[in-house]
Structure formats: structure tokens, C-alpha cells
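1. Quick check, what structure comes out for this input:
(chains A and B)
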Amino acid sequence: MTAPPSEPLLRVRGLTKHFPVRGGIFLRTTGHVHAVDDVSFDLDVGETIGLVGESGCGKSTVGKTLLRLHEPTAGEVLFEGRDITTMGRTELRQLRRDIQIILQDPFESLNARHTVGKILEEPFVIHRIGTTQERRRWVGELLERVGLSPAAASRFPHEFSGGQRQRIGIARAIALRPKLIVCDEAVSALDVSIQSQIINLLLDLQREMHLALIFIAHDLAVVKHVSDRIAVMYLGEVVEAATAKDIYAAPRHPYTQALISAIPLPDPTADRDRIVLVGDVPSPIDPPSGCRFHTRCRHAREDCRRSKPTLDTVRGGSVACHYWRGLS
Amino acid sequence: MALLEIDELSVAFDTEGETVTVVDKVGFEVEPGETLGIVGESGCGKSVTALSIMGLLPKPSGRVQGGDIRFRGESLPSLPPERMREIRGNRIAMIFQEPMTALNPVHRVGRQLAETYALHQGDLPDEAVYRRTLGLLEQVGIPAPEQRLREYPHQLSGGMRQRVMIAMALASKPDILIADEPTTALDVTIQAQILELLRDLQRETGMAIIFITHDLGVIAELCSRVVVMYAGRVAEQAPIERLFAHPVHPYTRGLLASIPRLEDEPKTMLTTIPGVVPSIEELPSGCRFANRCPYVKDLCNRDAPELVSAARGHQVACHRWREVDAGALEQWGT
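-> Numbers count the residues shown, from 1 in each chain, chains lettered A, B, ... in the order given. Predicted coordinates:
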């Protein structure tokens, strides 16, 4: 007997977020920033999907829209079968136990006037879980779990280094045993030797708690290291998705190829077959017609300007390019 | 004689009645036309070293406490301010991570470039200055330069701003360009453009580059020699191939082993250096890496290691580098 294909933990379909651009003395809407356009993906329990791309590609907006920190313009986000985009306040409150976010600079998200103990107790207080004694014990356990001393509870965020603060951010994120954590550039500001400690901690916690992760970062080597699958975004759209291994071994989309070739390798003897893209990323307020990458693509032809490539399913992933077959 | 000699340089800052030494007896040389990388993590003293070369230490708290910086044999810390102004920006120029803070937001790009150019070249007719600034923008690969000259810094992208900064730095044809994390805030495809630009410009002008970064990948791309700094001291310095193929300082080894690499199997544990860098207020008296080093022994906690020669052009500050090198000690990650 074969089991029916199980429902993924998270199913994102056609997620779109446009921000209005206002101008003139009456601040009328004069256009829209196409931050996220028609993004779809699935995520299973315990799985990691990496979102990569350059500034303004919409990767962080995807993360925030999933948590309804931004209201989506269109599309649906099903978490365990329930649509997040139509949830009311009570349901959202419950949801935010299950989905957490870790940001680049935990210092900005940790209340500087509260002790670490108070910060970590807060999730339990908000969701009315446990007695005061229990909460204190849990705070101590959380601190130990992320590699800090329980004595840290009585200190303030500014007394900690960047890496330690990120550990506090992680402790808060796992406090309510969530099922999904969005890591938005969570290790980007850390020094290499500290970054590797935090990556290992996240991998450890994921295994132990069966956490699903959405790992958003601009450092491709880091994303590859933590992800099962990777989606590459450009100007609000997913241009390619594949397993972490495949996307580096055999990138199909010309943008992915350029992005990977641009990574500086820590090896002076490496052969560098670099594709240097010309120009900057165009404005997301008025994205290029047809394929959004055509203005910087060295393989662009006439129809790339006119018609938009669909995200086609290919072996092990998907790619949105008219000519990918001829390029790989 | 080297173009620039940093000789046992110590830099101190006064904070709340206390003096902390943030750069401690750092030494290296820069030859004409070479690219020297300085790599290290936050607080290792790499930026402070660069600022002291430029004579731009924050006053009055920061000062050169000991040692010397010699440019073409001339000692920079003891120069009168007028003479230093002639060298700074003229012979030694510097670019920073965030060009937006270095550009004046209320002046057009053209005016700022012209001002820099006129400052260093003396009185020139407006027409000549305009032509030269246009030429500089072309040289750094800015498309439609006439239009850019009329724009304000905020109208430019991050990559374009950095190109404008590089153009300003090149205005006086410097002998040395100090680049402090110039690509760290840029996207990887734009970073590739800027690195290519710096390489091309160096080939054209023959200037030396001191490239300061935390990214060993960028170092490997661009530099011919590299200085690894840790907690205010030089841990190791070597020619680029040598450092990557044959590092002998435990910190360099740990750093190289900690980098996630594209060829790694996804979701495997990374090698880590345990612990954190000691804070500058409580630096140990011995080796500053001792609290994180897997090879530490009593001597390391007692005496600070001197920088000694490990091979031709290769220096290391570690009591146990020979044993580390011979593989007599256990490896990282095992």
C-alpha cells in the first residue's frame, strides 16, 4: 500500500507583494515596487530551503510576508494546510508560536532595557505558559542549549558580543518549540570563526527539534552549506530552484551561473572562469519586460525582451529561461 | 627600500582614563605595484592600522604609541600636519566600505570630484578640470559619465558610488591605494566588477594596493601577499600561495578550516574555532590566541610569541609553529 503524498509543512503558491510608491503633494500612489512576484515553493518538516539573490531581489520580503509581517498582495501560504493569509488575530497568535524569525542584527530586536532572562521569558509570558519558577528554569535550559551560561540571564544585551547576541536571538526563537524558523541573514554580520559556530548550532537544533528552516542570505557558500534545496531570486521572482548540490554543480539559469562564478574562492590556485555581469540590477518599480534578467544576460535574444519565460519543472528542480537547454 | 614600511607600530586609544593598545608592534612592508592583503576579524586592528598610515586616527583619543610608519623613507607620524596633508590623498589615498558616508550628500558628484582634483592639482582652468573628471569616471567604468557628474550621490547605486570613490582616490595618481573593506557592502556580482576594476587600474597605473578585508576569498582573488592579524597583532604573513597551501599559525589554519566551501557536502558540521576573541580591555599577557588554541601550553599563556621566519617571506608568531607544521599535533576538527 502506498501512502498518499503527504502535505508539506508549508506550501507557498503565487506569493506576491507589491509596495505602493507614493509621490506628489497628495502622496498619491504613483507606482509599485514589485518586491515579490508569483513565488511558489513547498517546505517539509525538518527541511531547509535557502533563498539567495542580490539586494532587492525580494528574498527578505518573502520571509516577512510568510509571517504576515507584511500583508501579501496576492497568493496563498498554507501552513499545515491552513491559509496564513486569511487568518484572524487569534489564529495568527497561535501561528507565531509555530513560526519564528531570526534577523541579522539581534541587537535591534532585543530590548536593550531588559535583561536576557526577561527577554527569554517573554514568549512564555505572552502565551501564558508555565509558572514563574518553570519559566526561570526553562530560560536557564535555553541559554545552556545555545551555548551560553545560565548566569547570562541577569545581564543585558549590550554586554554580549555579536555572536553571543545571535545565540540569545536563537534561544528566543526556539523557546516555544516552533516548527519553522525563518533565518533572515542570521549569520551575515558575524566573523567567520563565529559564523561557523552559529551555523553548527542551527544544524544541531534542526536535527534535534525537526525544525524546518527558510535560510535567507546573500552568501551563497553559506546558504549551500545549510540548505537541502535552494531557490535563486532575481527582481522578485524565482529564476531557478534545485537541490543545494545540483545548483552549484550544474546551474541552469544564466543568472545562477553568473552568481556562482562571482563568488570569490578562498583558493589562489583555483581556475576562475568568471562571468562578470555588466551593470546594476534594474529598478523593481519598473522591472524590465519579458525576462527580467534580459538587460544583463549575455545570452539574451529578441524574444527574451518580449515574452516572459515560465518557471518550468525540470529534473530535480525548476528554471525560468527560454534557452536554458542550450546553456548547460 | 620598500615603498611603505610599518615598523613595530603600536597604536593606543584613551578611554575613560585608561589606555588600551589596539595595535601592538605590527610590522610589514609594501613594495611598489604589489597588492598586500590584511585579513582578520572584527577588532583585530586592521582598520586602525590603515587609519594610522593615513594619519587619520580619531583625535584626541587615538595616537601612535610606538614604532614607525615610513613612506619612501620619510617617517609619517612625526610629520608636520601640512606635509602630511600633501601625502594624504596625494601619494596615499584611501577608500572605505560605505562610500555614502565619505561623499557629501548635498553636492553633485561632478563638484566633489572637481574639488578633489583641484585640491591636489592646484589651479587649473574649469574646462581642464571638467575634462579630467570626465576622464576619471570613464576610467572607473561609469556609463554615461556626463550625466553622472550632474547627479547627487543618493541617485547612484552602491557599486556606482564605490566607483566614484575610486575615481576620487585616483585623481592624484597615488602610489598607494588603501582599500578598507571596499566591497563588503556590495552584492557579489557587483563585488566581482569592483575587484576586476581594481586589478585593471593597478595594471594601468602601477600603484600599490593595501586591501583590508575579513574575506579570505577576496584575498585569494586579488592579493600577492597577505598579513593575518589577530587581536591587534600580526599572527602570520606570507606570499598568497604559501599562506593558503601551507599556513603554520593555528589561527590561520582554524580560519581557513571554518569557511563554508562550495565543494562541501551540504548540512555537514563546519570546523569551528571555539570561544571568542578576548576583549581589548582584558588582553592576556601571553599569546592572544591562547584561550582558543587547541595547541596551547604553559609557555603560550606566559610569553607573547615573537614574529619569526618560517620560510622565505613567511613569518609566524607562534611558539609551537614547528610542531604544528610537522603535523606532530592534532588537526583542527578532529
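
2. Next, the residue nearest to residue A:63 when sequence neighbours are not counted: secondary structure please.
-> In space, and not counting its chain neighbours, residue A:63 is closest to residue A:182: 4.3 Å by CB to CB, 6 or more residues apart in numbering or on different chains. In this view, the C-beta of every residue, glycine as well, is placed from N, C-alpha and C. Here residue A:182 is recorded as strand under DSSP: H, G, I helix; E, B strand; the rest coil.

3. Residue A:182 and chain B: what is the separation?
-> To chain B, residue A:182 is 18 Å away according to CB to the nearest CB, to the nearest Å.

4. Could you report the neighbour count for that residue?
-> For residue A:182, the neighbour count with other CB atoms under 10 Å in any protein chain shown is 25.

5. I'd assumed residue A:102 was in contact with it.
-> Yes - with contact defined as CB atoms under 8 Å, residue A:182 reaches residue A:102; the gap is 7.3 Å.

6. Only C-alpha atoms, please: export stretch B:211-229 in PDB.
-> Provided in PDB are the C-alpha atoms of stretch B:211-229 (Å, rounded to 0.1, in the frame of the first residue of the first chain):
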ATOM      1  CA  PHE B 211      43.400  45.600   0.600                       C
ATOM      2  CA  ILE B 212      41.800  45.200   4.000                       C
ATOM      3  CA  THR B 213      39.100  42.600   4.400                       C
ATOM      4  CA  HIS B 214      37.700  39.800   6.500                       C
ATOM      5  CA  ASP B 215      37.000  37.700   3.400                       C
ATOM      6  CA  LEU B 216      39.800  35.200   2.600                       C
ATOM      7  CA  GLY B 217      38.100  34.600  -0.800                       C
ATOM      8  CA  VAL B 218      38.700  38.200  -1.800                       C
ATOM      9  CA  ILE B 219      42.200  38.000  -0.600                       C
ATOM     10  CA  ALA B 220      42.900  34.900  -2.700                       C
ATOM     11  CA  GLU B 221      41.500  36.700  -5.800                       C
ATOM     12  CA  LEU B 222      43.400  39.900  -5.500                       C
ATOM     13  CA  CYS B 223      46.500  39.800  -3.400                       C
ATOM     14  CA  SER B 224      50.000  38.700  -3.900                       C
ATOM     15  CA  ARG B 225      50.900  38.800  -0.200                       C
ATOM     16  CA  VAL B 226      48.800  38.600   3.000                       C
ATOM     17  CA  VAL B 227      49.100  39.700   6.600                       C
ATOM     18  CA  VAL B 228      46.900  37.800   9.000                       C
ATOM     19  CA  MET B 229      46.000  39.900  12.100                       C
END
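
7. Excluding sequence neighbours, find me the nearest residue to whichever residue of chain A sits closest to chain B.
-> Per CB to the nearest CB, residue A:264 is where chain A lies closest to chain B, at 3.2 Å. Closest residue to residue A:264 apart from its sequence neighbours, by CB to CB, 6+ apart: residue B:217 at 3.2 Å.

8. Run a quick neighbour tally on the one you found.
-> Neighbours of residue B:217 (other CB under 10 Å): 20.

9. any idea which element it lies in?
-> helix B:216-222 (DSSP states H and E).

10. For the helix or strand following that helix, what does the pLDDT average out to?
-> As assigned by DSSP H and E, the chain's next helix or strand after helix B:216-222 is strand B:225-230. Averaged across strand B:225-230, the pLDDT comes to 98.

11. do stretch A:264-282 as well
-> 87.

12. ditto for stretch B:127-140
-> 90.

13. Relative to the whole chain's centre, how far out is it?
-> Here the centre of stretch B:127-140 is set off from its chain's centre by 28 Å, with CA atoms, centre = their mean, to the nearest Å.

14. got it, and stretch A:163-171?
-> 18 Å.

15. what's around residue B:66, how many residues?
-> 15.

16. Run through the residues that contact it.
-> B:8-10, B:25 (CB atoms under 8 Å, 6 or more residues apart in numbering or on different chains).

17. Mark which of these are buried, thanks.
-> Among those, those buried by neighbour count (16 or more other CB atoms under 10 Å in any protein chain shown) are B:9-10, B:25.

18. So in that sheet, which strands flank the strand or helix carrying residue B:23, and in what orientation?
-> Element membership of residue B:23 [criterion: DSSP H and E] is strand B:18-30. If you go by DSSP bridges, strand B:18-30 pairs up with strand B:4-15 (antiparallel).
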